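Student: Give me the fold of what follows.
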Amino acid sequence: MEFMANPSHPDGSRKAPSGFRTGWPTGIRSFGMKSLLALVIGLWCLAAWLYTGFYAEQNASQWVSRRQESAKVSAALIAENIGRLFALGRSVPILLSEEAGLLSQLNAKFGPEIKPSTLTVAELSKSLVLDPELRTLAGRLQSIVDKVGLASLFVMNAAGDCVAQGHEAGNKALTGVNMADREYFQAAQDGKVGRQFEVDRATGSLALFYAAPVFSDRKFIGAVGAKINLGHLAKLIPEPGFFMTDENGVIILAKDPELNLLAVPDAKVFKLSEKERESRYKKKQFEVMQFVSSGEQGSVALVSWGGAPWPSVMASQYVAGNFVKVYVLRDLEEIVRLRQERYGWFALFAFAGVVTFLLIAVVALFIKGERKYRRHLLTRE
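Tutor: Numbers count the residues shown, from 1 in each chain. Sure, this is the predicted structure:
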């Protein structure tokens, strides 16, 4: 709409009639500026919330990935060190089983047709310890134990009776104990190097046993056994979230002793007969250590276990031979702090943005008022 020239105006210029204002009314302009400011502040707070959430999750994902890689490295190192100890426990009996002196001694004293002793363990042990030749053999076994760090090194005759032993302090003597029902001895009878995790009948502790057969003229005359005390081994591993399972999925070594003899999900131990479980583990029923999936953080799977209020990452590694498996769990308690920091960052960003926009609005109003004041002074002149 165009204004017609105002005939009452001296220069005939096109100005709005008296009482008619151009543009938005002052109230509407004021409401529009407030709404615009509120909209900008709202969008800034939304952007700050989304950005701080992205930043917090990115930091958490990177931290979890580092924890996962660290757990993998620890699992690999622990598996390597345990593998070396197991290799030592296996190789020492093999080397001793091939010594001519041991062969002749077992053959001369016991032979392949020896029957299990009818004496009590105490009576048999006393007679064996008093034998000069077996005492010398026991002394040699003891010196090897002291040098290589095995829990026990012992010799069995063809009937399975332990006839000589060397052992570290704190381990009860096995001399006089019959091992004929043990899997490692039965494997040795078949000409194999036997291996078995079990609850040691002498001490009640978890242990790994190896046995190498001794043959003379193709006849089985005994075996050399070695014992590795797993309870002592756990003390040497600093990783707090560490445990190890045997071939049946039973936890045989753990930093937390309460985890010992729990079973992992789908463990093979549940396929064994109660008699087999009782013979090996001294128990028939096993509780399952449950791992509950807690989703993912980035590309890393998270698990919850033991009722912890925060998730964990888990890494696993087979020991050489793949008959035991090492697990390392790293808790993610720090992830709670990283996620909570988001609120602090959001408050900081939101406050900074609101203050900035308010200052801009104040400066804009000041400039506008100053210009209006200048126009007013010019009009008065």
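
Student: in the stretch 251-381 of the chain, which spans are helices?
Tutor: Secondary structure of the stretch 251-381 of the chain by DSSP state H, counting those that start in this stretch: the helices cover 274-281, 333-380.

Student: Please read off the pLDDT at the closest residue to Val292 other than its chain neighbours from the model.
Tutor: Among residues not flanking Val292 along the chain, Ser304 sits closest, at 4.5 Å (CB to CB, 6 or more residues apart in numbering). C-beta coordinates here come from the backbone N, C-alpha and C atoms, glycine included. Predicted confidence (pLDDT) for Ser304: 78.

Student: wait, Ser304 sits on Gly295?
Tutor: No. The pair Ser304 / Gly295 is not scored as a contact, 9.9 Å apart, by CB atoms under 8 Å.

Student: more crowded one of those two?
Tutor: Ser304 (18 against 9; other CB atoms under 10 Å).

Student: So for stretch 177-193, what gets flagged as buried?
Tutor: Buried positions in stretch 177-193, judged by neighbour count with 16 or more other CB atoms under 10 Å: 177-179, 182-189, 193.

Student: Out of those residues, flag the one nearest to Asp146.
Tutor: Checking the buried residues of stretch 177-193 against Asp146 by CB to CB gives Val177 as the nearest, at 21.5 Å.

Student: Contact partners for Ser152?
Tutor: Ser152 makes contact with 145, 165-168, 171, 174, 225-227, according to CB atoms under 8 Å, 6 or more residues apart in numbering.

Student: Select from those residues every entry located in strands.
Tutor: 165-167, 225-227 (DSSP state E).

Student: is the most centrally placed residue in the chain in a bridge, and if so with what?
Tutor: Central residue of the chain (CA atoms, centre = their mean): Leu329, 1.3 Å from the mean position. Beta-bridge pairing for Leu329 (DSSP bridges): Met314.

Student: rewinding a little: how about the helices of the stretch 251-381 of the chain, which one is nearest Thr52?
Tutor: Of all the helices of the stretch 251-381 of the chain, helix 333-380 comes closest under CB to CB, at 4.4 Å.

Student: Output the contacting helices and strands for that closest one.
Tutor: Other helices and strands packing on helix 333-380, by 3 or more CB pairs under 8 Å, 6 or more residues apart in numbering; DSSP states H and E, are helix 26-97.

Student: Between helix 333-380 and the helix it packs on, find me the angle.
Tutor: 160 degrees (axes from the mean of the first three to the mean of the last three CA atoms, to 10 degrees).

Student: picking that back up, against Trp44, how distant is the residue nearest to Val292?
Tutor: 37 Å (CB to CB, to the nearest Å).

Student: mind pulling up the phi and psi values for Lys255?
Tutor: phi -70, psi -40 (degrees, to the nearest 10).

Student: Would you confirm that it contacts Ala234?
Tutor: Yes. The pair Lys255 and Ala234 passes the contact test of CB under 8 Å, sitting 5.9 Å apart.

Student: which neighbours do those two share?
Tutor: Contacts common to Lys255 and Ala234, judged by CB under 8 Å, 6+ apart, are Phe242.

Student: Find the residues that touch each one of Ser304 and Gly295.
Tutor: Pro311.

Student: I'd like to know which helix or strand in the chain has the lowest mean pLDDT.
Tutor: The weakest-scoring helix or strand in the chain, judged by mean pLDDT, DSSP states H and E, is strand 292-297 (a mean of 70).

Student: Quick one: low-confidence residue ranges for the stretch 101-250 of the chain.
Tutor: Along the stretch 101-250 of the chain, the model assigns pLDDT under 70 to residues 170, 200-204.

Student: What segments of it are strands?
Tutor: 152-157, 162-167, 194-199, 206-216, 219-229, 242-245 (DSSP state E, counting those that start in this stretch).

Student: Okay, now the sheet partners of the first one, with direction.
Tutor: In this case it means strand 152-157. strand 162-167 (antiparallel), strand 219-229 (antiparallel).

Student: could you dump the ones you listed to a markdown table with mean neighbour count?
Tutor: Putting the strands paired with strand 152-157 into a markdown table (neighbours: other CB atoms under 10 Å) gives the following:
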| stretch | mean neighbour count |
| --- | --- |
| strand 162-167 | 26 |
| strand 219-229 | 25 |
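
Student: Mind checking the ones you listed for the one nearest to Ser70?
Tutor: Closest of the strands paired with strand 152-157 to Ser70 is strand 219-229, at 27.1 Å (criterion: CB to CB).
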